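# what shape does this take:
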Amino acid sequence: MGDFFETIFSGFNLAILGVALATFLSGMGSAKGVNLVGKASSGLLSEDPSKFGKALILQALPMTQGIYGLITSFLIIFQLGILGGSVNPAAISVAEGMYYLIAALPIGIVGLYSGIKQGEVAASGISLLSKRPDEVGKAITSAALVETYAIFAVLVSLLLVLFAPEFAPVVA
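Residues are numbered from 1 along each chain as shown. Below is the predicted model:
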């Protein structure tokens, strides 16, 4: 039974779990946020299709959290050597895998939450766009302010990944 858990909770698998969480959580937040704005835009565009460009900008804003998660995931994959084909899963210690898992969590968790919240603010901006099309800049600014926290989170995740400490090699 011990070998089973050692295989499941290997350093490599923990790092890949971090990759999955950064991508999955931030992507879910973005998808939900884009969905919220898309629903709000549909009503507006059924009445006035000429506002599509402005509505599209608001709808695209929550997509960035998913992009941040994807960038973090690619960077971890690159650091592990998977992209270069030089990965040795057995050489990645549990400590190193756990480090990458934890490094992925800021953008994963904050990306999930801020993607949804940015979508809510941008959906409210669609209401502003319907009544005062000239004020779309204010709606974009309001939604962009929510993004600030996703930017902080991706910076933390990227700095942790880029400046990861050297881990001692695993001795077989």
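
# so where do the helices sit in this protein?
Shown for the chain, the helices assigned by DSSP state H span residues 2-8, 11-47, 52-60, 63-80, 94-131, 136-162.

# quick one: average pLDDT of the last one?
When you say that, I think you mean helix 136-162. Averaging pLDDT along helix 136-162 gives 96.

# just the second one next, same as before
Here the mean pLDDT over helix 11-47 is 96, rounded to a whole number.

# ok, now stretch 70-77?
Stretch 70-77 shows a mean pLDDT of 97.

# contacts for that stretch next, please.
Residues outside stretch 70-77 that contact it (CB atoms under 8 Å, 6 or more residues apart in numbering) are 15, 18-20, 22-23, 26-27, 83, 100, 103-104, 107, 154, 157-158, 161-162. Placement of C-beta: from N, CA and C, glycine included.

# and that stretch, how far from the chain's centre?
10 Å (CA atoms, centre = their mean, to the nearest Å).

# for stretch 83-98, same thing?
For stretch 83-98, the distance to the chain centre is 23 Å (CA atoms, centre = their mean).

# what's it in contact with?
Outside stretch 83-98, the residues that reach it (CB under 8 Å, 6+ apart) are 9-15, 17-18, 74, 77-78, 80-81, 164, 167-170, 172.

# can we see that at 7 Å?
Stretch 83-98 is contacted from outside by 9-15, 77, 80-81, 167, 169-170, using CB atoms under 7 Å, 6 or more residues apart in numbering.

# redo the helices of the chain as TSV? Include distance to V87.
Output for the helices of the chain, formatted as TSV (distance: least, CB to CB, whole Å):
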stretch	distance to V87
helix 2-8	16
helix 11-47	8
helix 52-60	34
helix 63-80	6
helix 94-131	12
helix 136-162	16
